[in-house]
Each structure stands twice: as C-alpha cells, then as structure tokens.
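# what shape does this take:
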Amino acid sequence: MIRKCACLILAGGKGVRLSPDKPLLEVGGEPIIARVARVARRVFDEVLLVTNTPEKYGFLGLDSVCDERPGCGPLMGIATGLKRIQHEAAFACAADMPFLNEDIIRAQFEELDGFDIVLPCPRGLPEFLHAYYRKRCVPVMERQLARGSFKIESIVGDLRVRRLDKEWFSARGLDGAAERAFVNINTPEDYQLWKACGEDADAGRTSPFHGPGEKDLLEPLGADLASTIRRCLVERETAYQRTAGDGQYASLWAHSLRVGQIARHLAEREGADPVSALLCGLLHDAGKFADGAYHRDGVAEEEAAAEAAARLLAGTAHEKRVEEIQRAVLSLYREDAEETELGRILYDADRLDKMGCMGVAQFFAKNALRRRFLDNDLLLRASVELTYAYCAPETLKTGAGRRLAVERAARTKWFYAELLSEWAAFGLGRFAVRHESIEGIECVLVVPETCECGGWVEVHSDIRESVKCRSAVVQYRCPACGSEREFSFCLPNVRGLPRRRERQD
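Numbering: from 1, shown residues only. Got it, this is the predicted structure:
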C-alpha cells in the first residue's frame, strides 16, 4: 500500500572519491538513481528530488528542489526538502543506494508515531540517509546550519529519536535484507563489486518472466501435445469471436502459456511437479469458449476445461496426470472441491499474470480486443485491477506467490496512480481513488470527481450472484443530470468469499 508520506531523494554529493555523476552509474543495467526512484514511487505518494543539478535527472520525471544554501551537505538537503513537501514527514535517502528494500522502508514507517526521527542502526552505526524525519525537525536543523554545524548527528540531542537496532531487524526477519539495503556506492571498488552483484540479483528477480521461447518452454510436453492444446484454445476463441471478423484469435493461448510458465516457476520453488504445473496453466482455460459460447447453459468454464484435459491428454505420456490436473482446475471455482498443492499453484499463477507490468499490458490489450479504448469509462474499470492488486498479498496461497505478489501489486498501483495523474494534468478528467468495503472486502475504486455536466458523482455498490463467483456491482450516478454508469467484477477471495445470498421468490 502506498504510504501517505513523502520521500526525499538526496542527489547533492560531490562524488570526490568516485564521480560527481555517481547516481547515474548503472547497477543491473539501470542508473542507481532510477532504481531508487522506482522503489520510492512504489512506497510513497509524494517523491521529491533534492539536487543542485536537476538537469541531469530530468529523465526521472520527478519534482525537484535545489538546496537553499549549496555546499552545506545532506542536512541542508533534508531541511530544504521538508519545507517543500505536502506531508508532515518524509523518508530521506541517498541517491546512490541501489538496493533499497521496500519491506524495511515500510516497517520503519510504522515506528514513526510519537517520534521526530526514525533512525535505523542495523550494524550499530546510524543510517541518517535511510531515515524518517518530521517537519518539526526543521527549526533544529536550521539552528545547527546557522552555527556552521553541518553534520546530521548534531540535531539528535534536541529531538525525539527512535533508534532501530540489530535486534529490531532480527525480530521482523529483516536482518538478511539489511545486509544489502544499506549499501551505498562510494569508491571505484564499491562500484565494481556491487555492479556485478546487482546484475546477478536483478536477473534472479525477473527470471519468472524472462526466459526461452515458446518452443523451449513446451519441450517437456512434446511438440504434438503442445500443438494440440494450442489448436484447441485458438479454435474455441476464434469461434467465440467469429462476429468480429476473419482471422484467428490467440489471446487465450497467450494467457495460458504465460500462466503455465508462471505455474512452473512457482512449482519449482514450492517443491511440486513443474510439468504438471505447466500443463495446469495451459489447460485451465481450455473450456472458456467451449462450443463457441461463454458459460453456455450457466456452466463454468472450469467444468469444460476438466473435460478438455481428459480428452487432450488421453493416450499421451501425460495421461497419468489427468486426475490431479482436473482437481486443480475445478478448485479454482468450486467451494466444495478439494484444495490441492497443484490447485494453489495454479490459482496463484493465474492471478500473478494479471499484476505488475504484464497485468497492465494485458488489461489494455484485452479491453482493446473488446473494442474498449483509453477513455474515462475504461479508467473506471481500473478499479478491478487495483482491487486485486491491493488484496493479492493476502489472497495468494503459496509462499512463492505471495512474495511475487508484493512487488507486482506495487507496480500495478504505481502505474495507475501515474496514469490518473497524467490524465488530470491534461484536463481529460479528474478521478479519486477510494477504498470502499463491499461485503466486508476492501475494494479500491476509481471514482470520477465530477460528471461531464459538472455535477458531483455518487457511488453505490452492491453484490450480485454470477455463475462462479460473487460479483461486486459498482454504479456511478449524477443526481444533477441523471446519468449512470455501471460495471461489475468478481470479488477477490479474502478469507473466503461472502456467502451466496438465498434466492428470493
């Protein structure tokens, strides 16, 4: 969740021992300051760059401010930034820290109540450029600056300071992360060491979505079976889309291939069979457009997918996996179905495909396929993406899935926040992001601030029974002109879905 707090990125060092452009050096193929900014945007709703050379960092797209008096060190930078921000507190960090850790930053924030400074000391020494400061620190800072005392430690005697020692990190399971989180680049030797480590770490983090081509991914199944599954999915989707024109439709296959690879990645980390997980991902939507229809006769696609799995795998080397794949696929929607390890992996893989950069791309691609393009109505539907991103770390069922969800959910929330900000900047429409409880589940709704007629918009929510889920129904109404908009989406499974309502006669 994005914190209602500011972040000050300090890029004012002289770089005497390495380079005056130290924040622009690359670690993992990315400028260090870009890595810092990316983390800051995911955690905070206000990010300010404090630098006397803003022209170097224009590519970041951040607001910036120059020191009121150059040459006075980071103490002046923090004081200048605190006076410019909207919030009452800020996280101040150096621009040369390539491995900032979101979990540590968020945990530090929780210690802010009742203190002026939250100061981590993971190795005994204080980390002043990885600390929170309240605005009420400014008078003390200015007094020390006026005396010619430019060291940050000179202010702590006059303020309430919460020090976070090694035991604090250990108690929260953050001691391992702290080994890298507080690294900064000071010397050529530092840079050579961490540049290489950074590249290795980044490659490992992005591995679930970066790898070999389609042919290599499907090699364990054999070319004939992979081709048969692909043909089945493409034919069914094409039949469903037959009124939209000629040609084949393969978005369902593309989604299934991604889910299969993510499921295999999760299975490897959970100690499960990766080939069964891959097949689950490829087959879980095989019933979506059965007979050229969607939910024909009110039957969920998972039922048809289970039948398709039996038919497609019959007579192959993978026929022995049919029963476990069917159980996993059916557990995606049936409350009475036995939940298996493979089912949990499939559940997580399907939802991870809808988050982060891939999820954002899929959201717009899918809506374009349905003839919905980027406009105010489409932005309302971003509520679905934001709700699932907000709930993801709590709803996914495997440890590996939950760890991936934290990062990818943050990327989703950051993207839509930036999109709505740009939308408003060009006068295309103003939206607020509102949290609303629907049947006890916290949903994140994109709400237009005013109607096209100029009237205020009211939001009403309810719940509706669908073939395989309980759906949230969101209505936007303008009392002034009477216009209405409505859309619905399946509620995320948070601690079990709300009970189905009894049918009223």
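# can you classify the closest residue to Val444 other than its chain neighbours by secondary structure?
On the basis of CB to CB, 6 or more residues apart in numbering, the spatially nearest residue to Val444 that is not a chain neighbour turns out to be Leu386, at 3.9 Å. Glycine gets a C-beta too; all of them are placed from N, C-alpha and C. Per DSSP: H, G, I helix; E, B strand; the rest coil, the secondary structure class of Leu386 is helix.
# who touches stretch 396-404?
With contact meaning CB atoms under 8 Å, 6 or more residues apart in numbering, stretch 396-404 is reached by 208, 265-266, 269-270, 339, 344-345, 347-349, 351-352, 393, 405.
# can you pull the contacts of the residue nearest to Val444?
For Leu386, counting by CB under 8 Å, 6+ apart, the contacting residues are Thr412, Lys413, Tyr416, Val433, Val444, Leu445, Val446.
# if we use 10 Å, what do you get?
Ala409, Thr412, Lys413, Phe415, Tyr416, Ala417, Val433, His435, Cys443, Val444, Leu445, Val446 (CB atoms under 10 Å, 6 or more residues apart in numbering).
# now do Leu313
Applying CB under 10 Å, 6+ apart, the residues near Leu313 are Leu221, Leu225, Thr228, Ile229, Leu279, Leu283, Glu319, Lys320, Arg321, Val322, Ile325, Gln326.
# redo the residues you listed as TSV? Include secondary structure, pLDDT and neighbour count.
Below are the contacts of Leu313 laid out as TSV (DSSP: H, G, I helix; E, B strand; the rest coil; pLDDT from 0 to 100; neighbours: other CB atoms under 10 Å):
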residue	secondary structure	pLDDT	neighbour count
Leu221	helix	81	21
Leu225	helix	85	19
Thr228	helix	85	15
Ile229	helix	85	24
Leu279	helix	94	30
Leu283	helix	93	28
Glu319	helix	94	12
Lys320	helix	95	10
Arg321	helix	95	19
Val322	helix	94	19
Ile325	helix	93	26
Gln326	helix	93	22
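# between these, which is closest to Ala382?
Leu283 (29.7 Å; CB to CB).
# chain neighbours aside, what residue packs nearest to the closest one?
Ala309 (4.7 Å).
# mind checking which helix or strand that neighbour is in?
helix 301-313 (DSSP states H and E).
# how about that helix: buried residues?
Glu301, Glu302, Glu303, Ala304, Ala305, Ala306, Ala308, Ala309, Leu312, Leu313 (16 or more other CB atoms under 10 Å).
# convert the helix or strand containing His265 to CSV, retaining C-alpha atoms only.
Following DSSP H and E, one finds His265 within helix 251-270. Taking Å, rounded to 0.1, in the frame of the first residue of the first chain, the C-alpha atoms of helix 251-270 are listed here in CSV:
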residue,chain,number,x,y,z
SER,A,251,-5.1,-14.2,-26.8
LEU,A,252,-6.4,-17.1,-24.7
TRP,A,253,-3.4,-19.2,-25.8
ALA,A,254,-1.0,-16.4,-25.0
HIS,A,255,-2.6,-16.0,-21.5
SER,A,256,-2.5,-19.8,-20.9
LEU,A,257,1.2,-20.0,-22.0
ARG,A,258,2.1,-17.3,-19.5
VAL,A,259,0.1,-18.9,-16.7
GLY,A,260,1.8,-22.2,-17.5
GLN,A,261,5.3,-20.8,-17.2
ILE,A,262,4.5,-18.8,-14.0
ALA,A,263,3.0,-22.0,-12.5
ARG,A,264,6.1,-24.0,-13.4
HIS,A,265,8.2,-21.3,-11.8
LEU,A,266,6.1,-21.5,-8.6
ALA,A,267,6.2,-25.3,-8.6
GLU,A,268,10.0,-25.3,-8.7
ARG,A,269,10.1,-23.1,-5.7
GLU,A,270,7.4,-24.9,-3.8
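# got the buried residues for it?
Quick answer for helix 251-270 (16+ other CB under 10 Å): 252-253, 255-267, 269-270.
# run the chain-centre distance for stretch 303-318.
Remark: stretch 303-318 is offset 34 Å from the chain centroid, using CA atoms, centre = their mean, to the nearest Å.
# tell me the confidence at the residue nearest to Val444?
Here the pLDDT value assigned to Leu386 is 91.
# same thing with Cys357?
91.
# one more: the one 5 residues further on?
For Gln362, the model assigns a pLDDT of 90.
# which of the three states applies to it?
Strictly by three-state DSSP, Gln362 counts as helix.
# which residues does it contact?
Going by CB under 10 Å, 6+ apart, Gln362 touches Ser251, Ala254, His255, Arg258, Asp353, Lys354, Met355, Glu385.
# okay if I get those as CSV plus distance to Trp456?
Formatted as CSV, these follow (distance: CB to CB, whole Å):
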residue, distance to Trp456
Ser251, 38
Ala254, 41
His255, 39
Arg258, 41
Asp353, 37
Lys354, 32
Met355, 32
Glu385, 25
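# which one of these is nearest to Ala178?
Met355 (26.7 Å).
# what count of nearby residues applies to the closest one?
When counting by other CB atoms under 10 Å, one arrives at 24 neighbours for Met355.
# ok, the buried residues of helix 301-313 vs Leu125, which is closest?
Glu302 (55.7 Å).
# quick revisit: list only buried entries from the contacts of Leu386.
Among those, the ones that count as buried (16+ other CB under 10 Å) are Ala409, Thr412, Lys413, Phe415, Tyr416, Val433, Cys443, Val444, Leu445, Val446.
# widest-spaced pair of the residues you listed?
Taking CB to CB, no two of these sit farther apart than Phe415 and Cys443, at 18.3 Å.
# hang on, the earlier thing: average model confidence for the helix holding His265?
For helix 251-270, the mean pLDDT works out to 92.
# and that helix, how far out from the chain's middle?
For helix 251-270, the distance to the chain centre is 18 Å (CA atoms, centre = their mean).
# the closest residue to Arg344 other than its chain neighbours in helix, strand or coil?
Leaving aside its sequence neighbours, Arg344 sits nearest to Lys397 (CB to CB, 6+ apart; 3.8 Å). Assigned by three-state DSSP, the conformation of Lys397 is coil.
# now Lys397: how far from Val329?
Noted for Lys397: a distance of 15 Å to Val329, by CB to CB, to the nearest Å.
# what about these two, which has more around it?
The neighbour comparison of Lys397 against Val329 (other CB under 10 Å) goes to Val329, with 28 against 17.
# you'd agree the more buried one is up against Arg321?
No. Taking contacts as CB atoms under 10 Å, Val329 lies outside contact range of Arg321: 11.7 Å.
# overlap in contacts of the two?
Common contacts of Val329 and Arg321 (CB under 10 Å, 6+ apart): Cys280, Ala309, Leu342.
# ok, those vs Glu486, which is closest?
Nearest to Glu486 out of these is Cys280 (CB to CB; 34.3 Å).
# got a list of what that closest one touches?
Contact analysis of Cys280 by CB under 10 Å, 6+ apart lists 256, 259-260, 263-264, 267, 273, 305, 309, 321, 324-329, 332, 342-343, 345-347, 349-350.
# how about it, secondary structure?
Of the three states, Cys280 takes helix under three-state DSSP.
# the nearest residue to it once chain neighbours are set aside and Leu218: what is the separation?
Using CB to CB, 6+ apart and skipping the chain neighbours, the partner closest in space to Cys280 is Leu346 (4.5 Å). Per CB to CB, Leu346 is found 17 Å from Leu218.
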